[in-house]
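Chemist: Everything below, folded, please.
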Amino acid sequence: MCKKLQMAQVAKIHSAKTPQRIHYIVEWAKKRGVKQADIVRAIDADKGLVSRWFKGALPSEKHLVPLAGYLGADEPADLFRHPDEDWLKRLFAGRSKEERETMLRTLEVAFPRKQTA
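Modeler: Got it, this is the predicted structure:
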């Protein structure tokens, strides 16, 4: 009975009625302490539109650039990565290929992957 209930919950979560967000606008806003109303005022967007973004809709190009700037992203593409990941992007930015490879090898030595049997 319990397993059947769990499967029903999983099906509900993954139903077509709930759009899958492919962006992290909600997380960027939360990280910066920004509410939907703040975004509406800052970039002069309709409140219904901003609400839809928070539910998973994609902003148009017209709004994506100012939104990214307001949320502190370096570029609009950053909104498609979790804001906690942007420190890593900055760490690797401007490095040569050799430097990036050395950094990756260092990380692999420091944090070896668990062997799966």
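Chemist: how about the helices of this protein, start to end?
Modeler: Here the chain has its helices, by DSSP state H, at 2-13, 25-32, 36-43, 47-55, 61-70, 86-92, 97-110.
Chemist: Make a markdown table out of the ones you listed and add mean neighbour count.
Modeler: Where you see a C-beta, it was placed from the backbone N, CA and C, and this is true even at glycine. Shown next, in a markdown table, are those (neighbours: other Cβ atoms under 10 Å):
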| stretch | mean neighbour count |
| --- | --- |
| helix 2-13 | 9 |
| helix 25-32 | 17 |
| helix 36-43 | 16 |
| helix 47-55 | 15 |
| helix 61-70 | 16 |
| helix 86-92 | 11 |
| helix 97-110 | 10 |
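Chemist: can you put those in CSV and add distance to Ala77 and mean pLDDT?
Modeler: Converted to CSV, the helices of the chain look like this (distance: least, Cβ to Cβ, whole Å; pLDDT from 0 to 100):
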stretch, distance to Ala77, mean pLDDT
helix 2-13, 27, 46
helix 25-32, 12, 95
helix 36-43, 17, 97
helix 47-55, 16, 95
helix 61-70, 8, 95
helix 86-92, 10, 78
helix 97-110, 18, 92
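Chemist: Let's have the ones you listed in CSV, adding distance to Leu79.
Modeler: Below are the helices of the chain laid out as CSV (distance: least, Cβ to Cβ, whole Å):
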stretch, distance to Leu79
helix 2-13, 23
helix 25-32, 6
helix 36-43, 12
helix 47-55, 10
helix 61-70, 6
helix 86-92, 10
helix 97-110, 23
